[in-house]
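# starting from these lines, generate the structure:
(2 chains)
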Amino acid sequence: MARETPEVNGGSLADIAFLLLIFFLVTTTMDTDTGITRLLPPEPEKDQETEVKVNKRNVLVVLLNRSDRLMVGGYEMDRLDLKAKTIEFFTNPLNNENLPEMEETEIQFPIGSSAMLPPDGIWRGRVSKGVISLQNDRSTTYGKYLQVQNELVAAVNELRNNFCNFHFDMDYEELNTSNTIEGEIHDGIRKIYKMNISESDPKNIGGRN
Amino acid sequence: MSKFRKKEGKGLQKINTSSLPDIVFMLLFFFMVATTMRETEVQVRVKVPEATEVKKLEKKSLVSYIYIGRPVTHVERMYGTEPLIQLNDKLISDEGIPYESIQDFVLFEREKLPESDKSKMTMSLRIDENIPMGKVDDVKQALRRARALIINYSARKEYREKGRQR
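Numbers count the residues shown, from 1 in each chain, chains lettered A, B, ... in the order given. The predicted structure is shown next:
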């Protein structure tokens, strides 16, 4: 009868693995980075004082005062109503004279990409000239400011997504920009619904404490 | 005699632990895959706000981090309790608007990127939700001056019920 080979003692293997596990638990983090990406305006040239004339109806002033209260277009407003207000501002569905001017525009989409567009792939419609001016006080809390930014971005995203759903039967989010056709669709939609949010230079606005 | 010994050996039965290493290794691999290495020690307390429209930051190599928050306990002794700015792993304690520190920081980080990616450099702003905007505005002004224009306001994903969304 052949002698059995002695088994290697595997009892400490568990300890080693636990040690490694605890090392990884300590040195790594779970959080993935998520956030809202925005573009800052470039700093103006020194000698060039740009005073762009904008029609009053084309501007929606969103103001956050130092006690974190929100004023939109001259009226106090709840944060959750801001999205609907922004959508109304950017679409001006009833051609209201107090809402922004709409400009007749033609935008070329890839031919044959949508059944909802004419055969030449050109979308003809109204594009808003509206600009949202976001202002805050130096004492506004950042959390509140980001919530307002979020509502504004949400409004534009919803408009883009609706357009994309209606014309291309797909979510705007799902457009793959490395694909040429989908990239063109993506850029086209961005031209129709622009993220026109301007932030003024910081100043003290004041407000009740 | 032999009968007696046999009885004693049977008294305590050992639990078979041979599968324990397998289980632990499985856990280990899960954590290795699901987590990322912590690169910097954050010396300010940051609780980022919640938002619904957040997107994942895709290319980690293009991202530099700016933290703004009140210092953690062991840093408090040196710097006090006023909000501080941390650039990647360096705390700065400038008075006024930190133009120079941020300019240097941006140049340094931009230098590390390959030529083709220099214009895509993203600044991730991880800012505590209770920080007053004054400090944030200062940083934004400094970033504008340093021409680092792509910024990302770090936020956690907020799930909102449809009914609440007006």
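# so what's the residue nearest the centre of chain A up against?
Taking C-alpha atoms, centre = their mean, the centroid of chain A lies closest to A:Val153, which sits 3.7 Å from it. Applying C-beta atoms under 8 Å, 6 or more residues apart in numbering or on different chains to A:Val153 gives the contacts A:Ile36, A:Arg38, A:Met195, A:Ile197, B:Glu53. (C-beta placed from N, C-alpha, C; glycine too.)
# quick check: which element contains residue 123?
I'll assume chain A. Secondary structure assignment for A:Trp123, by DSSP states H and E: strand A:122-128.
# that's the wrong chain, I wanted chain B
Under the criterion of DSSP H and E, B:Met123 resides in strand B:122-127.
# which elements pack onto that strand?
strand A:34-39, strand B:63-71, helix B:133-145, strand B:150-154 (3 or more C-beta pairs under 8 Å, 6 or more residues apart in numbering or on different chains; DSSP states H and E).
# tell me what angle that strand forms with strand B:150-154.
30 degrees (axes from the mean of the first three to the mean of the last three C-alpha atoms, to 10 degrees).
# tell me which helix or strand comes right after the lowest-mean-pLDDT helix or strand in chain B.
When the helices and strands of chain B are scored by mean pLDDT, DSSP states H and E, helix B:2-9 comes last with a mean of 54. The helix or strand immediately downstream of helix B:2-9 is helix B:20-34, counting by DSSP H and E.
# is that following helix positioned near chain A?
Yes - Helix B:20-34 reaches chain A (C-beta under 8 Å from any C-beta of the partner chain) through B:Leu20, B:Pro21, B:Val24, B:Phe25, B:Leu27, B:Leu28, B:Phe31, B:Met32, B:Ala34.
# the last one: how many residues sit nearby?
The burial metric for B:Ala34, expressed as a neighbour count using other C-beta atoms under 10 Å in any protein chain shown, is 11.
# the third one too?
When counting by other C-beta under 10 Å, one arrives at 19 neighbours for B:Val24.
# wait, what's in contact with B:Leu28?
B:Leu28 neighbours (C-beta under 8 Å, 6+ apart): A:Ala17, A:Leu20, A:Leu21, A:Phe24.
# roughly how far does it sit from A:Leu20?
For B:Leu28, the distance to A:Leu20 equals 5 Å [C-beta to C-beta, to the nearest Å].
# what does A:Lys129 give?
60 Å.
# A:Gly11 and B:Thr17 touch, don't they?
Yes - under the criterion of C-beta atoms under 8 Å, A:Gly11 makes contact with B:Thr17 at 7.2 Å.
# my guess is A:Leu117 meets A:Phe163, correct?
No - under the criterion of C-beta under 8 Å, A:Leu117 makes no contact with A:Phe163, lying 11.3 Å away.
# which other residues reach the helix-or-strand element of chain A with minimal mean pLDDT?
Ranking every helix and strand in chain A by mean pLDDT, DSSP H and E puts strand A:28-29 at the bottom, with a mean of 74. The contact list for strand A:28-29, computed with C-beta under 8 Å, 6+ apart, reads B:Phe31, B:Met32, B:Thr35, B:Thr36, B:Met37, B:Arg38.
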